[in-house]
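Trainee: 3D model of this:
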Amino acid sequence: MAKPPCTVFVSVRLTFEEKARLDQDAAGVTTSSYLRSRIFDSHNPSPRRRGKSPVKDHQLLAQLLGKLGESRLSSNLNQLARMANSGSLPVTPDTEAALISAAFEVKDIRRILLVALNLEP
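Mentor: Got it, this is the predicted structure:
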């Protein structure tokens with residue numbers, strides 16, 4: 001039985017480096033044959049696809065968003081940055097304590113976010 005003719009044309013853009021690698025990997029066969037075998041051959045595992053959501057722990061993410069909402073951290077840091085840029089930020093012991101506290105909150109939020117996204121903290 002004859003193989004059905006290929007009638008659909010597919011186009012893809014590659015960088016020069018990608019095209020060179022494709023040509024090297026396909027050495028000895030046509031590019032079309034090589035790509036067809038890479039895509040449709042059952043012995044070639046397909047690349048892993050990303051999930052629709054990178055969030056691994058929705059409860060931790062909700063905790064993180066709650067901390068962000070209750071802390072007013074972004075507003076406070078924005079005010080401090082504006083004052084520092086204008087030169088009107090007096091560095092008192094209270095200011096220093098507030099900055100240190102904000103830095104620890106940011107560090108904690110970062111840690112929770114990395115865990116929720118299943119990344120290494």
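
Trainee: name the helix or strand for F104, please.
Mentor: Under the criterion DSSP states H and E, the helix or strand holding F104 is helix 93-116.

Trainee: quick one: secondary structure of the most centrally placed residue in the chain?
Mentor: What sits nearest the mean C-alpha location of the chain, by CA atoms, centre = their mean, is P54, with 8.4 Å. Under the three-state scheme (DSSP: H, G, I helix; E, B strand; the rest coil), P54 adopts coil.

Trainee: what residues sit buried inside the strand or helix carrying L35?
Mentor: Here L35 is covered by helix 31-40, with elements defined by DSSP H and E. Using 16 or more other CB atoms under 10 Å as the test for burial, helix 31-40 gives Y34, L35. C-betas here are computed from N, CA, C, even on glycine.

Trainee: can I get that helix as CSV, trimmed to CA atoms?
Mentor: Taking Å, rounded to 0.1, in the frame of the first residue of the first chain, the C-alpha atoms of helix 31-40 are listed here in CSV:
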residue,chain,number,x,y,z
THR,A,31,15.2,17.9,7.2
SER,A,32,11.5,16.9,6.7
SER,A,33,12.3,13.2,7.3
TYR,A,34,14.3,14.1,10.4
LEU,A,35,11.6,16.3,11.9
ARG,A,36,8.9,13.8,11.1
SER,A,37,10.8,11.0,12.9
ARG,A,38,11.5,13.2,15.9
ILE,A,39,7.9,14.3,16.2
PHE,A,40,6.0,11.1,15.3
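
Trainee: so what touches it?
Mentor: By CB atoms under 8 Å, 6 or more residues apart in numbering, the list of residues contacting helix 31-40 from outside reads C6, L22, D23, D25, A26, V29, N44.

Trainee: buried ones among these?
Mentor: For the contacts of helix 31-40, buried by 16+ other CB under 10 Å: A26.

Trainee: quick one: which of the contacts of helix 31-40 is nearest to N85?
Mentor: L22 (50.1 Å; CB to CB).

Trainee: quick check: the residue nearest to the centre of the chain touching L113?
Mentor: No: under the criterion of CB atoms under 8 Å, P54 is not in contact with L113, lying 10.9 Å apart.
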